[in-house]
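Visitor: next come a sequence and a model predicted from it.
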Amino acid sequence: MSHSTHDRLVYMANQIGKFFHSQGGDQAVTGVAEHIKKFWDPRMLKTIFAHHDSGGAGLDPAVAEAIGRLKQAAAAKEKA
């Protein structure tokens with residue numbers, strides 16, 4: 001995917017993060033993770049996971065943590 005696609009996904013993920021920010025801490029991270037899992041298609045997830053793997057430039061900390069959790073859950077599901 002193009003660099004602009006990464007930028008767009010980072011922007012979208014951070015917007016979700018801003019929405020859940022008021023919940024604070026772990027609740028915000030959980031909210032972001034659940035929203036992305038529910039509404040993003042597999043191609044979007046694959047792209048944001050790859051971006052996260054390459055350092056996650058531009059991702060807000062809570063968003064990066066949420067994406068990390070989703071990656072771990074996806075990897076565990078694949079192994080099961």
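Guide: Yep, that arrived. From a predicted model like this one, the values you see are computed outputs, not experimental measurements. Residues are numbered from 1 along each chain as shown.
Visitor: which residue, other than its chain neighbours, is closest to the spatially most central residue of the chain?
Guide: By C-alpha atoms, centre = their mean, the chain has its centre lying nearest to residue 67, at 3.4 Å. Spatial nearest neighbour of residue 67, excluding adjacent residues (C-beta to C-beta, 6 or more residues apart in numbering): residue 52 at 4.7 Å. Backbone N, C-alpha and C define where each C-beta goes, glycine included.
Visitor: helix/strand/coil for that neighbour?
Guide: helix (DSSP: H, G, I helix; E, B strand; the rest coil).
Visitor: look up how far residue 22 lies from it.
Guide: Distance from residue 52 to residue 22, counting by C-beta to C-beta, to the nearest Å: 24 Å.
Visitor: how many residues are close by the residue nearest to residue 67?
Guide: Using other C-beta atoms under 10 Å, residue 52 has 21 other residues around it.
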